Every structure is written in C-alpha cells, then in structure tokens.
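Peer 1: starting from these lines, generate the structure:
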Amino acid sequence: MHIVRGLEPAQITWQGGAPPYYVSLIPAGQPSASPIKQFDQQNGNSLTWTVDLDPGTAFTTELKDSTGAVVYSGEQTIMSGGSDVR
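Peer 2: Okay, here's the model as predicted:
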C-alpha cells in the first residue's frame, strides 16, 4: 500500500482493460457506496491526483473500463500532509 498524504500529488496507475477508464474513490470496503471522489474519463493508464480529502478518510479506488469490467484497490487512508486539508 502506498502512503497517501493530504495536499500532495498521488499517482494512480493500472494495467489492462479497454479505454476509456473511469476512476472513483469510494468509502473503504463499501463497493456499492456512492463515490466520495470521481475523476474525469481517462484514456491512459495513470492519473495524478493532488489529494484533496481530509486526513483520516479511508477509501478504496474503483476502476471501470469501457467493457464494464470493475476492479478495486486495497483500502487506503489519507495521512496528514504539510498543511491541513480544508
């Protein structure tokens, strides 16, 4: 698991599947929950996110491809960065 810190860039990468890709962050361990963050449609295999969620937020990354296939990351928690996330 990678450390994710508030207000710092985090890279999300994936392999396989068919573009475009749809990346969302959902509450940790809740695959049917509404996303807490959705990213614009992606055509490559990575995105860089400047972390804008509060420290202590636990999430799972959800990735869907154009065929409807869905995969999930392990759970991660936002750690404090250099400044408080507001």
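Peer 1: can we go C-alpha only for contacts and neighbour counts from here?
Peer 2: Fine.
Peer 1: touching, Gln15 and Gly44? I think so.
Peer 2: No. In this structure Gln15 lies outside contact range of Gly44 using Cα atoms under 8 Å: 9.6 Å.
Peer 1: out of these two, which sits in the more crowded spot?
Peer 2: Set Gln15 next to Gly44 and count neighbours by other Cα atoms under 10 Å: Gly44 wins out with 13 against 8.
Peer 1: okay, and that one sits in which element?
Peer 2: Under the criterion DSSP states H and E, no helix or strand holds Gly44.
Peer 1: list the contacts for it?
Peer 2: Contacts for Gly44 (Cα atoms under 8 Å, 6 or more residues apart in numbering) come out as 19-21.
Peer 1: and the lengthiest strand in the chain, what's buried?
Peer 2: Criterion DSSP state E: the longest strand present in the chain is strand 70-79. For strand 70-79, the neighbour count (16 or more other Cα atoms under 10 Å) marks 72, 76-79 as buried.
Peer 1: quick one: residues in contact with the least confident helix or strand in the chain by mean pLDDT.
Peer 2: In the chain, no helix or strand scores lower on mean pLDDT, DSSP states H and E than strand 4-5, which sits at a mean of 79. Here strand 4-5 makes contact (Cα under 8 Å, 6+ apart) with 10, 51, 55, 76-81.
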